[in-house]
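Engineer: Mind folding the following:
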Amino acid sequence: MTASEDESAPTCPPGIIINEVQLILAEKRTSLASLRTGIAVFAIPLSIMGVLVATSRYYEIQDVLHLFIGVMVMNALLLALGAYLVIRAIIKLRREDRMINDIKRKHSVIAEFID
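Structural biologist: Numbers count the residues shown, from 1 in each chain. Sure thing, here's the model as predicted:
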């Protein structure tokens, strides 16, 4: 950050600052939705495994090995996608929290209204 940015920060109108915080909070809601989606995708393989275990007495694994391998590959891909979505959402949430804390620190006049 340059010295000119530091000098212009206190003179910024409070409305602009509040709009910045609202924008960051909107991004935070999007990250929370992504986190929720990642958790849901992460739970799908667990449901599939539950069904396979519950119906395991009706089939022999050697007879349906080609299907079983396909289902396990799909489960692994879903687990990887879910983990990616969750990790990315957590990283974005932390960044957005840091941005809000920076605004609070720079603009102490409106910091009491931002929680």
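
Engineer: the residue most distant from the middle of this protein, which is it?
Structural biologist: D63 (40.2 Å; Cα atoms, centre = their mean).

Engineer: what is the mean pLDDT for stretch 88-108?
Structural biologist: Regarding stretch 88-108, the rounded mean pLDDT is 93.

Engineer: Next, the most centrally placed residue in the chain: phi, psi?
Structural biologist: Nearest to the geometric centre of the chain sits A89, at 2.0 Å (Cα atoms, centre = their mean). Dihedral angles of A89 (phi, psi; degrees, to the nearest 10) stand at phi -70, psi -40.

Engineer: For it, which non-adjacent residue is closest in space?
Structural biologist: L35 (3.7 Å; Cβ to Cβ, 6 or more residues apart in numbering). C-beta here means a position set from N, CA and C on the backbone, and glycine is covered the same way.

Engineer: From the contact counts, what lies against the helix or strand containing that neighbour?
Structural biologist: Per DSSP states H and E: L35 is located in helix 14-54. Counting contacts by 3 or more Cβ pairs under 8 Å, 6 or more residues apart in numbering; DSSP states H and E, helix 14-54 packs against helix 65-106, helix 108-111.
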